[in-house]
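need a structure here:
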Amino acid sequence: MIGDSIIRLKNVDIFQQTHLVLSNVELHIDKGDFVWLIGQTGSGKSSLLKVIYGDLSISTGEGVACGYDLNHIKSKDIPFLRRKLGIVFQDFQLLTDRSVEHNLEFVMRATGWTDKKLIADRSLDVLEKVGLRSKLKKMPHELSGGEQQRVVIARAMINDPEIILADEPTGNLDPDTSEEIVLLLKHISTLGTAVLIATHDYHIIRTFPSRIIKCESGKVLEDVKIA
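Below you'll find the model as predicted:
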């Protein structure tokens, strides 16, 4: 990696099977960056995110994510790449049959944590960061939508990632709760973790202006302005 670069894509073509989705992609995201990703449905936003977390391979151009060469990454190394990425989805994807504590423990054990005390301490630490320390024993259905999304963000922070990729994280939330979630992600970026948020919500972008990239007509446009 060069300097504080977390993500670097250079002249990358992105395919879904044989369909070219995005061509000649140039993208850089550095430590602590807070970046909006916009574009119509089907414009390639999700495909771009999939390249970053190793779900789509690249064969043309050059790509680096969290120190991993995306052109030559082996299947066995993808889990290690994903430990350096936090992923936040619109629909929470919490395990509904277990408490907040056990949702976090499940992710930690899946990514190599074994020590019970370290697991317990880290769970409290990330919940403290998202303002939910008191919800440790709650079940997901006992939480509001905003609280569930905070748990998802806590889960994404478990392994102290270099970047959080958030795909429509406010899509199921009311406007006030959406602002709370973006404020939280913005704060996380000030601590050094880069944040890339894919969204259709232009109101929230105007409320929290920052760098914008856009997928449009098969291209990724950097530093876009919106009215």
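
Quick check, central residue of the protein?
The C-alpha lying nearest the average C-alpha coordinate of the chain belongs to residue 165 (Cα atoms, centre = their mean; 1.4 Å).

my guess is that one contacts residue 50, does it?
No: if you go by Cβ atoms under 8 Å, residue 165 and residue 50 don't touch, sitting 9.7 Å apart. Using the backbone N, CA and C atoms, a C-beta is placed for each residue, glycine as well.

Partner strands of the helix or strand encompassing the residue nearest to the centre of the chain and their direction?
According to DSSP states H and E, residue 165 maps onto strand 163-167. Strand pairing for strand 163-167, determined by DSSP bridges: strand 85-89 (parallel), strand 194-198 (parallel).

Could I get the average pLDDT for whichever helix or strand comes after the last one?
Secondary structure here is assigned by DSSP H and E; on that basis, the next helix or strand after strand 194-198 toward the C-terminus is helix 202-207. For helix 202-207, mean pLDDT is 93.

Ok, stretch 51-69 next?
93.

start at 53 instead
Yes, from this point I'll number from 53; that puts the last item at stretch 103-121.

Just the buried residues of it, please?
103-106, 108-110, 113, 115-118, 120 (16 or more other Cβ atoms under 10 Å).

Against residue 123, how distant is the nearest residue to residue 88 once chain neighbours are set aside?
The shortest distance from residue 88 to any non-neighbouring residue, by Cβ to Cβ, 6 or more residues apart in numbering, is to residue 264 (4.6 Å). Using Cβ to Cβ, to the nearest Å, one gets 27 Å for the distance from residue 264 to residue 123.

same thing with residue 163?
24 Å.

that older thread, OK, contacts around the residue nearest to the centre of the chain?
101, 104, 105, 137, 138, 139, 140, 248, 250 (Cβ atoms under 8 Å, 6 or more residues apart in numbering).

Give me the below-cutoff pLDDT ranges for this protein.
Applying pLDDT under 70 to the chain flags residues 53-55.

elements contacting the top helix by length along it?
Scanning the chain for the helix with the most residues, using DSSP state H, yields helix 227-242. Here helix 227-242 touches strand 86-90, helix 197-209, strand 215-219, strand 246-250, helix 254-259, going by 3 or more Cβ pairs under 8 Å, 6 or more residues apart in numbering; DSSP states H and E.

all helices in this protein, in order from the N-terminus.
With DSSP H, the ranges of helices along the chain come out as 97-104, 130-135, 152-162, 168-181, 197-209, 227-242, 254-259.

List just the one of the ones you listed that sits closest to residue 190.
helix 152-162 (5.4 Å; Cβ to Cβ).

Enumerate the positions of the closest one that are buried.
Neighbour-count burial for helix 152-162 [16+ other Cβ under 10 Å]: 152, 153, 154, 155, 156, 157, 159, 160.
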